[in-house]
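In: here's a sequence, model it:
(chains A and B)
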Amino acid sequence: MLDLKLIREHNKAVRSALVARGGYTVDIDSLMDMDQKRRKLLTKLDELREKKNIANDEISQCLKEKKDPKPKIDAMKDISAQIGILEPEIKTLDAEIESILMRIPNLPHISVPVGSPEKNKEVRRVGEAPTFDFKPKTHFEIAESLDMIDFKRASKITGSNFIVYKGAGARLERALLNFMLDLHTQHHGYLEIFPPFLVNRASMTGTGQLPKMEEDMYRVQDEDLFLIPTAEVPVTNLHRDEILKEEDLPICYAAYTACFRREAGSYGKDTRGLLRVHQFDKVELVKFVKPEESYEELEKLVGHAEKVLQLLGLPYRVLMLATGDLSFAAAKCYDLEAYAVGLDKWLEVSSCSNFEDFQARRANIKFKGKDGAKPACVHTLNGSGVALARTMAAILENYQTKDGTIVIPQVLRPYLAGEDHLG
RNA sequence: GGAGAGGUGGCUGAGUGGUUGAAAGCGGCGGUCUUGAAAACCGUUAUUCCGAGCGAUCGGGAUCUAGAGUUCAAAUCUCUACCUCUCCGCCA
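Out: Numbers count the residues shown, from 1 in each chain, chains lettered A, B, ... in the order given. A predicted model of the protein is given here:
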């Protein structure tokens, strides 16, 4: 959520920043009109309430002195009646303003290239694609022939675009998770969190998934709970409605969760294999930081996610997303794409974003120093470190051999009983 | 699932209709004392909105889980939701 004051005071800049994102038409003028009207009414209401408080004191004074409070009570009745008219008017206005604000996306950072996704900027490319003296297979061919993933039975027991990992597939998934969590907690300074996979509406709103993207979420009807699309939601909301101590910042959490996405509207895209599934595993990194450090922290966060790919020996590139490709809440975002040789495609395996104070304002997460200054919103960041399904696809394709087996990347071997290949 | 109890400031905990943003204690912060610390003593101690001012600040409003209601007036009464605890049942 943007700061209403910021919109009020930097009307033009906000407007042009939103235009840069594209696709969002926000009527700033009518928002400002509503805001002005609200403040006018609020001043009036506060004056009435002041009168009411005075009248109330007078009544209790009368009662104490055993005088007749009747005339005072009548006066107060009158004031209360006026308040009764104004209050709902303001409440309605408040709700309207809130609802508009909740649907305005974050403003892109100055360094973000302006334009549609073609303007995404490749920041760096790391590692070399493997070369083979045979035609490399796709991960779904490999997974099928090694019986690592059961696509058919997954759709039987649940539905299409769900997967069942089996045998070596399941072991590899587990090894990857443990490797990533160990890396971030033991070497990058993150505290491990294992949150619930279902959250309430307030949490989904706090991080920005609601109200705009409700149709993309799995919802538990009876309880009004949502299956998390990413660990970002429960982990960021851990500190919802809290005032953190400045000396505790930055707070860095790493969490494994399954992630659930309906992928509504993306039918027909990437339907084969592991690229777009409704449930996948992910290790997520979440940070709460001081505003002046958030961009420095973003670079570190990207580095931590990259380290995973480097250690796994996967070639990858880092993209800085253009304004038109930014997610709703992000001010700046880097995508990490691992190269998968079988598909000959770059697969997005991580998205590292700085949300600045956008989520913190929605979720009411502040910090306060010892100097007695007013609490201010923290900056929140998160990044995948990294998403599993696509990473597994890249590993299967890049580490395949002519005889159909998979060489296990060095760093994973301790997690797979020291074995050096699968299949 | 059944029965009951309860949700007050960072914490413990008073407060059952009218100067209660809220006693007291603890904790925190500042100070006196001390070589330093502890103890003792003194002071201070939430968040948020509107308005005025360049600003330190000042004036006012709101907030006792949330929402609705009763009333001239609600932390206090009623209802609903959420959450917590206890007992019973069920259960990985």
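In: show me what residue of the stretch 251-400 of chain A gets nearest to RNA strand B.
Out: Nearest residue of the stretch 251-400 of chain A to RNA strand B: residue A:375, at 4.3 Å (Cβ to the nearest atom of the strand). All C-beta spots, glycine's among them, are computed from the backbone N, C-alpha and C.
In: ditto for chain A
Out: Closest point on chain A to RNA strand B, by Cβ to the nearest atom of the strand, is residue A:60, at 2.6 Å.
In: can you give me the pLDDT of that residue?
Out: On pLDDT, residue A:60 comes in at 89.
In: and residue A:268, by the same measure?
Out: 67.
In: any idea which element the residue of chain A closest to RNA strand B lies in?
Out: Using DSSP states H and E, the element containing residue A:60 is helix A:28-64.
In: can you list the buried residues in the next helix or strand after that helix?
Out: In the C-terminal direction, the helix or strand that comes right after helix A:28-64 (DSSP H and E) is helix A:70-102. By 16 or more other Cβ atoms under 10 Å, the buried positions in helix A:70-102 come out as A:72, A:75, A:76, A:79, A:86, A:90, A:93, A:97, A:100, A:101.
In: what's the neighbour count on the spatially closest residue to the second one that is not a sequence neighbour?
Out: So the one you mean is residue A:75. The shortest distance from residue A:75 to any residue other than its chain neighbours is 5.7 Å, reached at residue A:55 (Cβ to Cβ, 6 or more residues apart in numbering). Using other Cβ atoms under 10 Å, residue A:55 has 18 other residues around it.
In: now swap in the one 5 residues further on and tell me
Out: Burial measure for residue A:60: 11 neighbouring residues, criterion other Cβ under 10 Å.
In: ditto for residue A:36
Out: The number of residues packed near residue A:36 is 11, by other Cβ under 10 Å.
In: and the end-to-end length of stretch A:117-133?
Out: 35 Å (Cα to Cα, to the nearest Å).
In: got the contact list for the residue lying closest to residue A:324 once chain neighbours are set aside?
Out: Of all residues not flanking residue A:324 in the chain, residue A:116 sits nearest, at 4.2 Å (Cβ to Cβ, 6+ apart). Neighbouring residues of residue A:116 by Cβ atoms under 8 Å, 6 or more residues apart in numbering: A:22, A:322, A:324, A:325.
In: what does residue A:417 give?
Out: Per Cβ under 8 Å, 6+ apart, neighbours of residue A:417: none.
In: do that again at 10 Å, thanks
Out: A:171, A:175 (Cβ atoms under 10 Å, 6 or more residues apart in numbering).
In: that one and residue A:34: what is the separation?
Out: Per Cβ to Cβ, to the nearest Å, residue A:417 is found 64 Å from residue A:34.
In: residue A:281 too?
Out: Look at residue A:281 and residue A:34: by Cβ to Cβ, they are 44 Å apart.
In: so which of the two has more stuff around it?
Out: Each of residue A:281 and residue A:34 has its neighbours counted (other Cβ under 10 Å); residue A:281 has more, 19 against 16.
In: now do the contacts for the more buried one.
Out: So residue A:281 contacts A:165, A:173-174, A:176-177, A:180, A:256-259, A:387-389, A:391-392 (Cβ under 10 Å, 6+ apart).
In: from those, which land in helices?
Out: A:173, A:174, A:176, A:177, A:180, A:388, A:389, A:391, A:392 (DSSP state H).
In: the first one against residue A:392, yeah?
Out: Yes - judged on Cβ atoms under 10 Å, residue A:173 makes contact with residue A:392 at a distance of 6.6 Å.
In: mutual contacts of those two, please.
Out: Residues touching both residue A:173 and residue A:392 (Cβ under 10 Å, 6+ apart) are A:148, A:149, A:163, A:165, A:280, A:281.
In: residue A:173 and residue A:392: which is more packed in?
Out: For the pair residue A:173 and residue A:392, the greater number of neighbours falls to residue A:392 (25 against 20), based on other Cβ under 10 Å.
In: I'd assumed residue A:180 was in contact with the more buried one.
Out: No - at 11.9 Å, residue A:392 does not count as touching residue A:180 under the criterion of Cβ under 10 Å.
In: got the confidence number for residue A:52?
Out: pLDDT recorded at residue A:52 is 95.
In: give the contact list for it.
Out: Going by Cβ under 10 Å, 6+ apart, residue A:52 touches A:75, A:76, A:78, A:79, A:80, A:82, A:83.
In: check the gap between the residue nearest to the fifth one when sequence neighbours are not counted and residue A:77 for me.
Out: Counting by Cβ to Cβ, 6+ apart, residue A:80 lies nearest to residue A:52, which is 6.5 Å off, once chain neighbours are set aside. Residue A:52 is 10 Å from residue A:77, where distance means Cβ to Cβ.
In: kindly report the same for residue A:152.
Out: Counting by Cβ to Cβ, the gap from residue A:152 to residue A:77 is 74 Å.
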